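Trainee: This is a predicted model, with the sequence first.
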Amino acid sequence: MRDRLKELFGRICDNAKCILVEMDGEADHVHLLVDASPNVQPSRLVNTLKTISSRELRKEFAVELARHYWKPVLWSRAYCVLSAGGAPLDVIRKYIQNQGKDAE
């Protein structure tokens, strides 16, 4: 399911003229590193990512998700967007890649 989610996010980012640089997460959230131009509205991109991925995953993995989600949504409304203008991208990429490693 995580692989399919990454594929969906990559396609959505491509359509929005963005690049999905990195994606990982834990059981209850994901982290994305996205290279976006300044004219991309973060709130609109996040809304598109959540809407399309929720619809597709709930359709493709209905049986698996039914055990955990009973509402017709997958994501909460909350999100966090941070600018990484001065941070080295390798540091951010490693942080994202290491999400959930302690829990495994």
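Mentor: Happy to help now that I have it.
Trainee: Over to the residue sitting furthest away from the middle of the chain. Which of the three states is it?
Mentor: Distance from the centre of the chain peaks at G86, with 22.0 Å (CA atoms, centre = their mean). Secondary structure state of G86, per DSSP: H, G, I helix; E, B strand; the rest coil, is coil.
Trainee: need the helices for the chain, in chain order.
Mentor: Secondary structure of the chain (DSSP state H): helices at 2-15, 42-60, 62-66, 89-97.
Trainee: among the ones you listed, which is nearest R77?
Mentor: Between R77 and the helices of the chain, the tightest spacing by CB to CB is seen for helix 42-60, at 8.6 Å. C-beta here means a position set from N, CA and C on the backbone, and glycine is covered the same way.
Trainee: Could you check the angle the closest one makes with helix 2-15?
Mentor: Put simply, helix 42-60 runs at 140 degrees to helix 2-15, going by axes from the mean of the first three to the mean of the last three CA atoms, to 10 degrees.
Trainee: any idea of the mean pLDDT for helix 42-60?
Mentor: Averaged over helix 42-60, pLDDT sits at 95.
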